[in-house]
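In: only geometry, no sequence info:
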């Protein structure tokens, strides 16, 4: 098959997998260091999206701390930080009311900006290319390459033009080997190659399991009277039950645009919970709905995010490379921000790798990060997210104690559990009835996927793989009523009846996939493997 065709090989000093904030910051910093040392370094960034930013999704309120260090003159370079945050609101919702609460200090956004993270990454890519970084969008890194000693020597992009039957089609093109002295894995949350590194090098030994959330987001153009540029609003409470971690955001950008989203911790227990439907229901609240009435929904998307923080940071170094950004998990959950920490991790990694290349000494990334401001920032908030195991009010009460009295220096550390172990059997869970979408403020999944501009080559092997197909019915369907048909925000998983017998069968509509990775995380048997599809496939997010 494809093995008969020899792959082209391209050699670099450093290969970066992923053109998100951490990967691009690392590439830029490497070139800056080389210029300061009057030396040359070849850097390549490979990105699975059809363009830089195509797969980037975040709120996003952006703290410019790392950007100030990386590119101090970003304002003169027209970085797309156009809307300063001017007002914070923190609301507790009941079914019909909204009660204003004091804004936690971590959520004060003076000096921050409401941005499109996708557009910011497009701008970062321009800065990188001006410095000589080679960026290849539309090429999905599908395989880690190792030398005879087991050292990472780069990555290979996936073959193009493989049919559903696994055989080459007439458009077949073999993947490319991108070899490097050092490889940085900046794939974002639950990266498919990073997951294999965790297993091969046992990188999660000695740390807590990573815990995750799913974020579902829409971008709206709202009526002029509903637009308040610079307003940052967050809510907790309704429609979620008190034992489910989550909440919403509404960020008012420029040009009458509002980014609205809902985030739910993937340690939820009820298999009938549907994150997409909870989001749609949230928008119907009397205090929320007026923002969107008379407006127009522009785009939709979803993405998992790493919420484990300090105690879930894995070992970061592998022979010949390192893991950075949300692939490792540097999100500051109480602050609801991670782009600044992701960028800083990439910058510190660049400095470490540059020293490795120049000295031949395998310096560790983790010790360097421990000396940076990332470590102290994440340490001080380490107990906030796991405290919500005590429920909404217990978590809020503990967070007040930890923030104001203990100031992040509690003599204890609360710990995390694996999200996929938390579901209870469907027979023990209350059913959740969701209202039908009205097509004005609330919508269905398929029309939402349509405006995510998701596209995959139809004739290719499915990138969603079941390790044991029988478990889909024997375990997920029988015990949990197939929660994948609800937690997927794109309608990928569907229970259908076999013709003739009427027996249930799991149908996987892989072309709908928006690459959120929730199925890879939440499946109770860890039976679903998300791997990269053909390069360039997936969503194409504008302004997200």
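Out: That came through fine. Model, not experiment: these values are computed from the prediction.
In: pretty sure residue 301 is in contact with residue 453, am I right?
Out: No. Look at residue 301 against residue 453 with Cβ atoms under 8 Å: they stay out of range, at 9.3 Å. Quick note: C-beta positions are derived from backbone N, CA and C, even for glycine.
In: among the two, which residue is more densely surrounded?
Out: residue 301 (30 against 17; other Cβ atoms under 10 Å).
In: next, the more buried one: phi, psi?
Out: Note on residue 301: its backbone torsions stand at phi -170, psi 170 [degrees, to the nearest 10].
In: can you tell me which residues contact it?
Out: 57, 216, 217, 452, 514, 539, 541, 544 (Cβ atoms under 8 Å, 6 or more residues apart in numbering).
In: which of those lies closest to residue 369?
Out: Set against residue 369, the nearest of the contacts of residue 301 by Cβ to Cβ is residue 57 (25.1 Å).
In: could you dump the contacts of residue 301 into CSV with distance to residue 478 and secondary structure added?
Out: Listed next are the contacts of residue 301 as CSV, based on distance: Cβ to Cβ, whole Å; DSSP: H, G, I helix; E, B strand; the rest coil:
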residue, distance to residue 478, secondary structure
57, 34, coil
216, 28, strand
217, 33, strand
452, 32, coil
514, 28, coil
539, 33, coil
541, 37, coil
544, 38, coil
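In: let me know the closest of those to residue 461.
Out: residue 514 (18.7 Å).
In: quick one, phi psi at that closest one?
Out: Dihedral pair for residue 514: phi -100, psi 10, per degrees, to the nearest 10.
In: same question for residue 392.
Out: With angles defined as degrees, to the nearest 10, residue 392 sits at phi -60, psi -50.
In: so it sits right up against residue 246, yeah?
Out: No. Counting by Cβ under 8 Å, residue 392 sits too far from residue 246 to count as a contact (9.5 Å).
In: give me the common contacts of the two.
Out: Contacts common to residue 392 and residue 246, judged by Cβ under 8 Å, 6+ apart, are residue 236.
In: tell me which of these two has more neighbours.
Out: Neighbours were counted for residue 392 and for residue 246 using other Cβ under 10 Å; residue 246 has more, 26 against 19.
In: what's opposite the more buried one in the beta bridge?
Out: Per DSSP bridges, the residues bridged to residue 246 are residue 264.
In: quick one, what contacts it?
Out: Taking Cβ under 8 Å, 6+ apart, we find residue 246 in contact with 213, 236, 240, 262, 263, 264, 265, 268, 278.
In: let's have these in TSV, adding pLDDT, neighbour count and distance to residue 97.
Out: Shown next, in TSV, are the contacts of residue 246 (pLDDT from 0 to 100; neighbours: other Cβ atoms under 10 Å; distance: Cβ to Cβ, whole Å):
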residue	pLDDT	neighbour count	distance to residue 97
213	98	27	25
236	98	17	13
240	97	23	16
262	98	26	19
263	98	23	22
264	98	24	22
265	98	23	24
268	98	25	24
278	98	21	18
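In: which one of those residues is nearest to residue 533?
Out: residue 213 (23.6 Å).
In: and residue 122, what is it in contact with?
Out: For residue 122, the contact set (Cβ under 8 Å, 6+ apart) comprises 51, 52, 53.
In: nearest to residue 477 among the contacts of residue 246?
Out: Using Cβ to Cβ, residue 268 comes nearest to residue 477 of those, at 19.1 Å.
In: pretty sure that closest one sits against residue 422.
Out: Yes. If you go by Cβ under 8 Å, residue 268 and residue 422 touch, sitting 6.9 Å apart.
In: from residue 221, how far off is residue 9?
Out: According to Cβ to Cβ, to the nearest Å, residue 9 stands 47 Å off from residue 221.
In: what of residue 473?
Out: Residue 473 sits at a distance of 44 Å from residue 221 (criterion: Cβ to Cβ).
In: repeat for residue 109
Out: Per Cβ to Cβ, residue 109 is found 23 Å from residue 221.
In: pLDDT value on residue 5, please?
Out: According to the prediction, residue 5 has pLDDT 69.
In: ends of stretch 93-109, how far apart?
Out: End-to-end span of stretch 93-109 (Cα to Cα, to the nearest Å): 21 Å.
In: in it, what counts as buried?
Out: Neighbour-count burial for stretch 93-109 flags 93, 98, 104, 106, 107, 109 (criterion: 16 or more other Cβ atoms under 10 Å).
In: and if you look at stretch 193-201?
Out: Applying a neighbour-count criterion of 16+ other Cβ under 10 Å, one finds 193, 194, 195, 197, 198, 201 buried in stretch 193-201.
In: so how far is stretch 256-270 from its chain's centroid?
Out: Average the C-alpha atoms of stretch 256-270, do the same for its chain, and the two points are 12 Å apart (Cα atoms, centre = their mean, to the nearest Å).
In: could you do stretch 298-316 as well?
Out: 5 Å.
In: what is the end-to-end distance of that stretch?
Out: 38 Å.
In: so for that stretch, mean pLDDT?
Out: 97.
In: where does this protein have low pLDDT?
Out: Low-confidence segments of the chain (pLDDT under 70): 1-5.
In: just give me the neighbour total for residue 486.
Out: When neighbours are counted by other Cβ under 10 Å, residue 486 registers 20.
In: my guess is it meets residue 270, correct?
Out: No. The criterion here is Cβ under 8 Å, and residue 486 misses it with residue 270 at 9.7 Å.
In: intersection of neighbour lists for those two?
Out: With Cβ under 8 Å, 6+ apart as the test, residue 486 and residue 270 reach no residue in common.
In: show me the contacts for residue 80.
Out: Contacts of residue 80 by Cβ under 8 Å, 6+ apart are 115, 116, 119, 120, 123.
In: in space, what's closest to it - neighbours in sequence excluded?
Out: Spatially, and ignoring its direct neighbours in sequence, residue 80 is nearest to residue 119 (4.7 Å; Cβ to Cβ, 6 or more residues apart in numbering).
In: that neighbour in helix, strand or coil?
Out: Of the three states, residue 119 takes helix under DSSP: H, G, I helix; E, B strand; the rest coil.
In: mind putting the contacts of residue 246 into TSV with distance to residue 413?
Out: Output for the contacts of residue 246, formatted as TSV (distance: Cβ to Cβ, whole Å):
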residue	distance to residue 413
213	20
236	24
240	26
262	29
263	23
264	24
265	19
268	23
278	30
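In: hmm, which two among those residues are most spread apart?
Out: The distance between the two most remote of the contacts of residue 246 (Cβ to Cβ) is 14.6 Å, for 236 and 268.
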